[in-house]
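J.: Kindly generate the corresponding structure for this input.
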Amino acid sequence: MFSYFSNKFLNLEFIKYLFAGAVSNVLGFVLFFILASEIFKINPVKVVIFLSPLIFLLHYILQNFYVFKKKFNKNYFFKYLILYLINYLLNVIFLYLLVNKFFINHNLAQILILIFLTIYTFLISKYLVFK
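T.: Just a heads-up that it's a prediction; the model follows:
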């Protein structure tokens, strides 16, 4: 009986995690396309430099308060920042290996990496970052 409730809770948490990630990523993509469009004509690199910290903060806020229902804690924030940086490095390393060493199409490789990092990040967030 306990296993049923823990699995149901884990699934609800994971669904909320996916939803929160989708919201922040879609917002980031929309803002990127708008700011880098012909209307605003802002250099795409400058847009990414500007948006990255904002999207990171939105990710953190949604994960902390919405998904894991925690109060603000600077330790959570710094652990999440470290996880975010590790994910960035893993994404670059895996993409390089899959494309250049295993000759997988870069789009497929990024999809596979995204699936892996989503599950990995949820588990690390749940059991280490927001614990």
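J.: mind checking pLDDT for residue 11?
T.: Note on residue 11: pLDDT of 83.
J.: That should have said residue 5, apologies.
T.: In this prediction residue 5 is given a pLDDT of 52.
J.: Can we start the residue count at 37 from this point?
T.: Okay, using 37 as the starting number, the last item reads as residue 41.
J.: element containing the residue nearest the centre of the chain, please.
T.: Nearest to the geometric centre of the chain sits residue 57, at 5.9 Å (C-alpha atoms, centre = their mean). Taking DSSP states H and E as the criterion, residue 57 maps to helix 38-71.
J.: quick one: buried residues of that helix?
T.: By 16 or more other C-beta atoms under 10 Å, the buried positions in helix 38-71 come out as 49, 50, 52, 53, 56, 57, 60, 64, 68, 71. Just so you know, the C-beta spots here come from the backbone N, C-alpha and C atoms, and that holds for glycine as well.
J.: ok, the last one touching residue 77?
T.: No - taking C-beta atoms under 8 Å as the contact criterion, residue 71 and residue 77 are not neighbours in contact, 9.1 Å apart.
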